[in-house]
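Asker: Coordinates only, no sequence provided:
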């Protein structure tokens, strides 16, 4: 049993999601969105990200954290803010002694939907399906759960390759 915390960082909203991976079984634990105060400057919003994720980690005790990498932004200023939000989230994980893995958005979508060009709605639908959720999660929460799912799939693939289970007669299965 491994609890994975997925994080979709943002300077206005940060999504989080926790999945329990037990063998081939995936179990939804919790997810949500950290809404950051719009009337505050960036430093207090970064503190909200750090404090909120620290509390989530202390409450649910995940063993690993996966976070989405910055891949593009509307402007250099937006990219810097997003990078700082990622930094606050990563520091929250590292200070709680979690190993942190980073994944490109394209890889996350590929892992969950099957195409790196998937829409937000497709990601939400597949997260709902893969985790057998009763309803479609909010965008930021779905993205965070997708990051956690990507991490689980990546780790399983690496384990299979390392143990030789990914090969048959010199070819990938």
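Answerer: Here it is on my side, so go on. All values derive from a computational prediction rather than experimental measurement.
Asker: So, low pLDDT: which residues of the chain?
Answerer: The chain contains residues with pLDDT under 70 at 71-73, 157-173.
Asker: So which residues of it form helices?
Answerer: Under the criterion DSSP state H, the chain carries helices at the ranges 42-60, 76-95, 105-112, 120-130, 139-163.
Asker: and of the ones you listed, who's closest to residue 6?
Answerer: For residue 6, the closest of the helices of the chain is helix 139-163, at 3.0 Å, according to Cβ to Cβ. Heads up, the C-betas are built off the backbone N, CA and C, glycines and all.
Asker: angle of that closest one against helix 120-130?
Answerer: 60 degrees (axes from the mean of the first three to the mean of the last three Cα atoms, to 10 degrees).
Asker: thinking again about what came up before, reformat the helices of the chain as TSV; add distance to residue 25 and mean neighbour count.
Answerer: Below are the helices of the chain laid out as TSV (distance: least, Cβ to Cβ, whole Å; neighbours: other Cβ atoms under 10 Å):
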stretch	distance to residue 25	mean neighbour count
helix 42-60	18	16
helix 76-95	24	18
helix 105-112	17	21
helix 120-130	11	17
helix 139-163	11	21
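Asker: Please convert those to JSON lines, extending it with distance to residue 7.
Answerer: Output for the helices of the chain, formatted as JSON lines (distance: least, Cβ to Cβ, whole Å):
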{"stretch": "helix 42-60", "distance to residue 7": "7"}
{"stretch": "helix 76-95", "distance to residue 7": "5"}
{"stretch": "helix 105-112", "distance to residue 7": "11"}
{"stretch": "helix 120-130", "distance to residue 7": "14"}
{"stretch": "helix 139-163", "distance to residue 7": "6"}
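Asker: among these, which is nearest residue 33?
Answerer: Going by Cβ to Cβ, the one of these nearest residue 33 is helix 139-163, 4.5 Å.
Asker: for the closest one, packing partners?
Answerer: Helices and strands touching helix 139-163, by 3 or more Cβ pairs under 8 Å, 6 or more residues apart in numbering; DSSP states H and E, are strand 2-8, strand 13-22, strand 25-35, strand 64-68, strand 100-103, helix 105-112, helix 120-130.
Asker: residues in contact with residue 102?
Answerer: Residue 102 sits next to 66, 67, 68, 69 when contact means Cβ atoms under 8 Å, 6 or more residues apart in numbering.
Asker: circling back: of the helices of the chain, which approaches residue 4 most closely?
Answerer: helix 139-163 (4.4 Å).
Asker: how far does that closest one sit from the chain's center?
Answerer: Centre-to-centre, helix 139-163 and its host chain are 9 Å apart (Cα atoms, centre = their mean, to the nearest Å).
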